[in-house]
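Participant: coordinates for the following, if possible.
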Amino acid sequence: MTIYQIKRLNLQHHIILSLFIIFIVISLPSRVSSLYLPQNAMAVGPAATSPQCLTSSVKLELLSTTSNQTLSVRGTLDLTEFTIKLDPFMILPGSKYTVRPTNSSFSIDLLDGKGKTLARYPFDPKVYTNISQNKDKMALLSEAIPYIPCTKEIVISKDNRVLASRNVDDYAPKVRIIFPIGGETLTGNIIVRWQASDADGDNLTYFALYSTDAGRSWQNVASDIKDTEIPVNMATLPGTTVGLFRIIATDGVNTGIGDSNSTFNVPSTSGTAG
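Facilitator: Residues are numbered from 1 along each chain as shown. Predicted coordinates:
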């Protein structure tokens with residue numbers, strides 16, 4: 001059995017990353033409605049209610065009808081060398097957007113297959129405050145922005161100079177939880193298992209979530225998983241009679257989501273049920 005361990009990184013990075021993932025996944029509604037672009041996001045290009053590729057230019061306020069999908073962009077910026085290490089991105093339905101700054105030299109650009117800019121979103125990196133003086137100045141990139149269908153490249157820039165980019169493949173991964181599937185009473189140490197596939201043949205990264213209210217809200221259990229199973233000590237999670245696990249699979253951008261088939265029971269060990 002492979003025991004999953006989160007690799008040791010900057011503690012502040014872990015805290016912000018966990019909060020960001022919770023911010024994203026806890027805002028996934030059962031129905032998506034009335035999502036708008038964040039203020040100061042500049043966008044040009046397609047707009048329609050269909051997820052198909054579109055080419056006509058439209059006003060900014062109409063872009064919110066293109067799709068109700070949120071792209072989470074994550075990475076670590078070296079503000080001394082102006083380099084960036086990208087983490088896996090995710091496309092999720094109906095999540096909240098992070099606030100756009102009025103002005104910034106940094107931007108996230110969404111490009112189509114011909115290199116045309118579909119949207120540009122300025123952002124401010126979240127600077128680490130606990131870096132010693134003889135170390136490079138580091139910052140976290142953690143942005144949630146509207147996603148535009150038919151985006152083929154995501155570019156992170158400073159003053160229009162490309163720092164990093166990531167291509168978008170054609171197919172999203174598929175993921176299915178095989179344990180627990182629902183109806184069980186879960187106690188002690190268990191192994192959450194799933195199956196996943198990707199038509200593009202990409203390597204996948206997974207995130208495990210847990211719900212105590214039948215999927216209305218979620219908490220992060222583990223991030224950046226490479227295996228298709230993780231050990232979970234149920235005694236460390238809130239008790240519930242309507243529990244669910246969720247696995248999010250990403251190929252770096254495209255994302256698949258799989259939930260337990262039905263709810264399961266987790267006896268409370270702390271006296272407080274979810």
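Participant: ok, P267 - contacts?
Facilitator: Listed by Cβ atoms under 8 Å, 6 or more residues apart in numbering, the contact set of P267 reads T185, T187, G239. In short, each C-beta sits where N, CA and C put it, glycine included.
Participant: any idea how far K114 is from the residue lying closest to N167 once chain neighbours are set aside?
Facilitator: Distance criterion Cβ to Cβ, 6 or more residues apart in numbering; nearest residue to N167, sequence neighbours excluded, is E153 at 5.5 Å. Here E153 is placed at a distance of 10 Å from K114 (Cβ to Cβ, to the nearest Å).
Participant: the more surrounded of the two?
Facilitator: E153 (16 against 7; other Cβ atoms under 10 Å).
Participant: in contact with that one, which residues?
Facilitator: L110, L111, G115, S165, R166, N167, V168.
Participant: try 10 Å
Facilitator: For E153, the contacting residues are D109, L110, L111, D112, G113, G115, L118, S165, R166, N167, V168, V253, by Cβ atoms under 10 Å, 6 or more residues apart in numbering.
Participant: equivalent analysis for I257, please.
Facilitator: So I257 contacts 25, 28, 90, 92-93, 172-175, 207, 209, 246-250 (Cβ under 10 Å, 6+ apart).
Participant: partner strands of the strand or helix carrying it and their direction?
Facilitator: If you go by DSSP states H and E, I257 is part of strand 255-259. Sheet partners assigned to strand 255-259 using DSSP bridges are listed as strand 240-250 (antiparallel).
Participant: buried ones in the partner strand?
Facilitator: Residues of strand 240-250 classed as buried: T240, V242, G243, L244, F245, R246, I247, I248, A249, T250 (neighbour count, 16 or more other Cβ atoms under 10 Å).
Participant: how distant is that strand from the center of its chain?
Facilitator: Strand 240-250 sits 15 Å away from the centroid of its parent chain (Cα atoms, centre = their mean, to the nearest Å).
Participant: and the buried ones among the contacts of P267, selectable in PyMOL?
Facilitator: With 16+ other Cβ under 10 Å as the burial test, the buried ones among those are selected in PyMOL as follows:
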select buried, resi 239
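Participant: so which of the contacts of P267 is the closest to A199?
Facilitator: Ranked by distance to A199 (Cβ to Cβ), the contacts of P267 are led by T185 at 36.6 Å.
Participant: who's the closest residue to S95 other than its chain neighbours bridged to?
Facilitator: Nearest non-adjacent residue to S95, counting by Cβ to Cβ, 6+ apart: T70, 3.9 Å away. As for beta bridges, T70 partners with L92, P146 under DSSP bridges.
Participant: neighbours around T70, how many?
Facilitator: 24.
Participant: equivalent analysis for L209, please.
Facilitator: Neighbours of L209 (other Cβ under 10 Å): 24.
Participant: quick one: it from D170, how far?
Facilitator: In terms of Cβ to Cβ, L209 sits 26 Å off from D170.
Participant: same question, K114
Facilitator: Distance from K114 to D170, by Cβ to Cβ: 16 Å.
Participant: with S262 instead?
Facilitator: Separation of S262 from D170 (Cβ to Cβ): 32 Å.
Participant: between these two, who's got more neighbours?
Facilitator: Neighbour count, other Cβ under 10 Å: between S262 and D170, S262 has more, with 13 against 8.
Participant: so who does the more buried one touch?
Facilitator: P180, I181, G182, G183, E184, A214, V242, L244.
Participant: pretty sure E81 sits against D136.
Facilitator: Yes: assessed by Cβ atoms under 10 Å, E81 is found in contact with D136 at 6.2 Å.
Participant: so what's T241 closest to, chain neighbours aside?
Facilitator: Going by Cβ to Cβ, 6+ apart, T241 has N265 as its nearest residue, at 5.3 Å.
Participant: measure the one you found to V192 for me?
Facilitator: In terms of Cβ to Cβ, N265 sits 15 Å off from V192.
Participant: between those two, who's got more neighbours?
Facilitator: V192 (23 against 16).
Participant: might one say that G239 is in contact with T212?
Facilitator: Yes: G239 lies in contact with T212 (Cβ under 10 Å); the separation is 7.7 Å.
Participant: element containing N220?
Facilitator: Using DSSP H and E, N220 falls in strand 219-225.
Participant: brilliant, that's me finished.
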